[in-house]
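Colleague: this one's structure only:
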């Protein structure tokens, strides 16, 4: 069946034939070349003489991605089963990857309707690597990371709440402490929030800093707190990840002929 062959080509990835893998590699290479082209287009010395080439390459890429997008809608009843084909198509279109696929080609077509340059949205194509890299060890690693985040979501949520609370408190304090001394650096609480983020993460860009004694004291306390707060989410995820990695494999191997367990 043609639909099954198309499904095997665009969805099976590394679990399919060599043709499936070649298709994946072609898409990967095309994505990388598109990202490189986007970068080179921002350099006038390169873009000016190669503008015509970049335009042709963009059109060829859009044609390829548009056909792929249509084919994915065509096989959506296999990838996103539902009661009818329309619902399956809608499930794919509004899925995470479906939206990424749409955003990857939409910037080319939208200017014909709306006079606005949306080419920057093409950077979303790089997320398509998540679909292409379906080699077992990659997908398993990604699944472990997401599993750890889901299992530790309560701890991460608490850490995030505490971080937001510290940021807001710091912003309010520094606005009222440094606002009069530096009205151009701390004109409002939102501007103070930028300083709080830079200080709490211990980045310290140096573009905004306190000059009063009390402000410096508060800044020192926030910087010390930042060392622990920034490390908390990292430690939570790392510990969960290590538990998953070191978890003993309880699955048993069975003989395909007799069904007995193999030690």
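Modeller: Arrived safely. Everything numeric here is computed off the predicted structure, so don't read it as measured data.
Colleague: longest helix in this protein, by number of residues?
Modeller: Of all the segments assigned as helix in the chain under DSSP state H, the longest by residue count is helix 213-246.
Colleague: quick one: list the elements packing against it.
Modeller: helix 136-151, helix 153-178, helix 189-200 (3 or more Cβ pairs under 8 Å, 6 or more residues apart in numbering; DSSP states H and E). All C-beta spots, glycine's among them, are computed from the backbone N, C-alpha and C.
Colleague: stretch 224-243 - what's its average pLDDT?
Modeller: Stretch 224-243 shows a mean pLDDT of 83.
Colleague: so what touches it?
Modeller: Residues from elsewhere that reach stretch 224-243, judged by Cβ atoms under 8 Å, 6 or more residues apart in numbering: 144-145, 148-149, 151-152, 155-156, 159-160, 162-163, 166, 199-202.
Colleague: just to revisit the earlier point, check which residues of the longest helix of the chain are buried.
Modeller: Neighbour-count burial for helix 213-246 flags 215, 218-219, 222, 225-226, 229-230, 232-233, 236-237, 240-241 (criterion: 16 or more other Cβ atoms under 10 Å).
Colleague: which among the residues you listed gets closest to residue 20?
Modeller: residue 241 (30.6 Å; Cβ to Cβ).
Colleague: how is this structure partitioned into domains?
Modeller: Domain assignment for the chain, taken from automatic domain parsing, gives 2-134, 149-246.
Colleague: can you give me the end-to-end span of the shortest one?
Modeller: Looking back up the chat, that one is domain 149-246. 17 Å (Cα to Cα, to the nearest Å).
Colleague: how far does it sit from its chain's centre?
Modeller: 23 Å (Cα atoms, centre = their mean, to the nearest Å).
Colleague: ok, now the first one?
Modeller: When C-alpha coordinates are averaged (Cα atoms, centre = their mean), domain 2-134 and its chain have centres 16 Å apart.
Colleague: that domain - what's its average pLDDT?
Modeller: Averaged over domain 2-134, pLDDT sits at 81.
Colleague: what's the answer for stretch 155-173, then?
Modeller: Averaged across stretch 155-173, the pLDDT comes to 90.
Colleague: ok so, going back, dump the helices and strands packed on helix 213-246 to TSV, plus distance to residue 77 and mean neighbour count.
Modeller: Below are the helices and strands packed on helix 213-246 laid out as TSV (distance: least, Cβ to Cβ, whole Å; neighbours: other Cβ atoms under 10 Å):
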stretch	distance to residue 77	mean neighbour count
helix 136-151	23	13
helix 153-178	33	16
helix 189-200	46	19
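Colleague: out of these, nearest to residue 62?
Modeller: When the helices and strands packed on helix 213-246 are compared (using Cβ to Cβ), the closest one is helix 136-151, at 27.6 Å.
Colleague: related to what we said a few turns ago, I'd like the buried residues of helix 213-246 as TSV, with distance to residue 109 appended.
Modeller: Converted to TSV, those look like this (distance: Cβ to Cβ, whole Å):
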residue	distance to residue 109
215	52
218	52
219	50
222	48
225	49
226	45
229	44
230	42
232	45
233	40
236	43
237	39
240	43
241	41
